[in-house]
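K.L.:
here you go, sequence then predicted model.
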Amino acid sequence: MRRIPSDQWPLIAAVLVLLVSGGALVFYILFQKPPPGGAGVPSPGRPAAPAPVRSLSSLAPEPRWESLDRFADTQTTSDFRQAMDRVYGDGTPAWQSLLTLVEGTGGPPRVDITRWSADAAAPRQPLSLRGTRPPPRYWREASELPPSPDPVARPLDGVKVAIDPGHIGGAWARMEQRWYQSPGSTTAVMEGEMTLMTARLLQPALEALGATVFLVRDGAEPVTATRPDDYAALATTPQQAELFFYRKAEIRARADRVNRQIRPDLLVCLHFNAEPWGEPDTVTFTEINHLHLIVNGHYDATELALDDVRHEMLERVFQRSEREELRLADAVSRSLAAATGLPPYDYGAGHMAGNAHRPLPENPYVWARNLMANRLYQCPVVFTEPYVMNNREVHDRVVAGDYEGERLVAGKRRPSLYREYADAVAAGLKAHFLAHRPSGK
Ligand SMILES: [Zn+2]
């Protein structure tokens with residue numbers, strides 16, 4: 001057998017790394033998550049040593065690890081551990097192998113952050129955790145605001161709110177798989193249109209409470225300048241190029257607009273939910289209807305193993321977004337539950353089991369889940385998922401459209417679906433700021 005000359009080892013190693021990371025990327029693209037048991041994924045209870053593998057989500061840019069340096073000493077190790085255990089982790093110690101807390105060594109307490117995509121000579125970035133100063137961030141918690149000059153009528157005075165109407169709608173709704181039309185009906189149900197209608201009602205409702213409101217999109221057109229064709233070379237199928245466009249690039253473009261231009265105190269991400277509906281032209285209706293709110297969290301080992309995801313999560317952990325996000329979700333879930341009468345959705349029962357956990361044990365409507373559309377925004381996100389679109393009653397309310405006052409729809413006098421939704425979100429935000437903003441007295 002011929003020996004391989006030693007000067008070829010670097011080349012062979014590089015090819016191997018390329019093969020491994022290329023394979024992982026293809027797998028991730030196909031299944032949205034890398035394979036369980038991949039590099040650096042620890043077995044429960046026994047953190048494994050991180051492997052030197054570069055690992056990024058599809059279309060994700062290289063993380064700028066040095067951006068985390070600005071958070072030095074903004075929290076303590078117990079703050080960090082609590083946030084990971086309560087919200088960001090998945091209930092296992094998986095995170096500890098990638099984010100190692102170091103205490104009692106004589107030096108300042110710190111977290112060692114694994115960064116596979118950085119300099120191979122320094123795969124760990126230490127960050128001091130002495131908890132001596134507040135985190136730098138562009139948004140303010142309600143408790144950090146000055147008192148409102150008119151606290152009862154305008155509790156949101158001076159608050160900057162961004163509204164993200166989920167999805168795109170219009171000509172893109174079929175591609176997004178957020179479109180169906182009941183046989184015999186002339187009205188198509190399109191989530192992107194419905195979220196925009198709700199957003200346009202929510203905007204004046206929040207402005208009346210004193211807020212300055214920005215819509216992240218105000219039309220049935222994408223925010224990203226790219227189109228599916230731009231991803232043809234990267235994708236293996238036309239459907240995958242479409243996914244890259246509407247699920248990846250579009251959300252990144254919205255996050256850029258929010259984080260760089262709008263920089264709000266909070267963002268409301270409006271969605272409608274659905275149960276599996278089969279083919280969009282012969283939709284399967286359901287009796288099921290429910291409500292839930294999503295806070296960013298529940299990162300499992302395979303998600304944490306991706307450098308970009310881990311970095312984006314750490315921006316949120318160090319900004320302590322979860323504290324305000326949980327309070328907001330609690331308030332808005334209560335107002336939405338009261339207005340809609342909907343029962344809580346249960347991730348433990350359906351096909352989504354294991355994707356989320358409840359960070360507020362006393363509130364069954366609030367779930368922690370890691371989505372691109374709540375991870376990339378660097379401010380607290382109120383992510384709402386009321387109404388099942390292929391529930392028959394919801395369908396009839398969509399067909400009835402928006403109207404003032406009450407009308408007889410699906411056998412009951414009621415407000416329009418959109419006003420009920422928008423008014424309830426506004427009521428929840430009002431309750432939050434009334435409860436947490438300083439009164440000045
Ligand atoms: Zn949605």
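P.N.:
Perfect, thanks for sending it. These numbers were taken from a predicted model, which means no experiment stands behind them.
K.L.:
where exactly do the helices run in the chain?
P.N.:
Ranges of helices in the chain, per DSSP state H, are 9-31, 77-83, 191-208, 238-243, 250-256, 301-304, 307-319, 321-340, 372-375, 392-400, 417-436.
K.L.:
please export the C-alpha coordinates of the third one as PDB.
P.N.:
As requested, C-alpha coordinates have been extracted for helix 191-208 and formatted as PDB (Å, rounded to 0.1, in the frame of the first residue of the first chain):
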ATOM      1  CA  GLU A 191     -52.400  34.700   5.400                       C
ATOM      2  CA  GLY A 192     -50.100  37.500   4.000                       C
ATOM      3  CA  GLU A 193     -53.200  39.600   3.100                       C
ATOM      4  CA  MET A 194     -54.900  38.900   6.400                       C
ATOM      5  CA  THR A 195     -51.900  39.900   8.500                       C
ATOM      6  CA  LEU A 196     -51.500  43.200   6.500                       C
ATOM      7  CA  MET A 197     -55.200  44.000   7.000                       C
ATOM      8  CA  THR A 198     -54.700  43.400  10.700                       C
ATOM      9  CA  ALA A 199     -51.600  45.500  10.800                       C
ATOM     10  CA  ARG A 200     -53.300  48.500   9.100                       C
ATOM     11  CA  LEU A 201     -56.000  48.400  11.900                       C
ATOM     12  CA  LEU A 202     -53.400  47.900  14.600                       C
ATOM     13  CA  GLN A 203     -51.300  50.900  13.500                       C
ATOM     14  CA  PRO A 204     -54.000  53.600  14.200                       C
ATOM     15  CA  ALA A 205     -55.100  51.800  17.400                       C
ATOM     16  CA  LEU A 206     -51.500  52.000  18.800                       C
ATOM     17  CA  GLU A 207     -51.000  55.600  17.500                       C
ATOM     18  CA  ALA A 208     -54.100  56.600  19.500                       C
END
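K.L.:
residues contacting the residue of the chain found nearest the ion?
P.N.:
The ion sits closest to H271 of the chain, with a gap of 3.5 Å, by Cβ to the ion. For every residue, glycine as well, the C-beta is placed using N, CA and C. Shown in contact with H271 (Cβ atoms under 8 Å, 6 or more residues apart in numbering): G166, H167, E191, T195, F383, T384, E385.
K.L.:
closest to D157 out of the helices of the chain?
P.N.:
Ranking the helices of the chain by proximity to D157 (Cβ to Cβ) places helix 417-436 first, at 8.8 Å.
K.L.:
alpha carbons of that closest one, as CSV, please.
P.N.:
The C-alpha coordinates for helix 417-436 follow below in CSV (Å, rounded to 0.1, in the frame of the first residue of the first chain):
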residue,chain,number,x,y,z
LEU,A,417,-62.0,39.0,12.5
TYR,A,418,-59.3,41.7,11.8
ARG,A,419,-60.7,44.3,14.3
GLU,A,420,-61.1,41.7,17.0
TYR,A,421,-57.4,40.7,16.4
ALA,A,422,-56.0,44.2,16.2
ASP,A,423,-58.0,45.6,19.1
ALA,A,424,-57.0,42.7,21.3
VAL,A,425,-53.3,43.2,20.6
ALA,A,426,-53.6,46.9,21.3
ALA,A,427,-55.4,46.2,24.5
GLY,A,428,-52.7,43.8,25.6
LEU,A,429,-49.9,46.3,24.9
LYS,A,430,-51.9,49.0,26.7
ALA,A,431,-52.2,46.8,29.8
HIS,A,432,-48.4,46.0,29.6
PHE,A,433,-47.4,49.7,29.6
LEU,A,434,-49.9,50.6,32.2
ALA,A,435,-48.5,47.9,34.5
HIS,A,436,-44.7,48.4,33.9
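K.L.:
contacts only, for the residue nearest the centre of the chain.
P.N.:
In the chain, the residue lying closest to the centroid (Cα atoms, centre = their mean) is N374, at 1.7 Å. Residues near N374 by Cβ under 8 Å, 6+ apart: C269, I294, V295, N296, V381, F383.
K.L.:
same check on G89?
P.N.:
Neighbouring residues of G89 by Cβ under 8 Å, 6+ apart: W95, G297, H298, Y299.
K.L.:
list phi and psi for it.
P.N.:
Per-residue torsions, G89: phi -80, psi 170 (degrees, to the nearest 10).
K.L.:
again with Y377
P.N.:
Torsion angles, degrees, to the nearest 10, at Y377: phi -80, psi 120.
K.L.:
does N370 touch A301 like I think?
P.N.:
No. Counting by Cβ atoms under 8 Å, N370 stays clear of A301, with 12.0 Å between them.
K.L.:
so for these two, which sits in the more crowded spot?
P.N.:
A301 (24 against 21; other Cβ atoms under 10 Å).
K.L.:
the protein against the ion: which residues are in contact?
P.N.:
Applying Cβ under 5 Å from the ion, we find that the chain lies next to the ion at G166, H271.
K.L.:
for the chain, name the helix or strand with the lowest mean pLDDT.
P.N.:
Of all helical and strand segments in the chain, the minimum by mean pLDDT, DSSP states H and E falls on helix 9-31, at a mean of 43.
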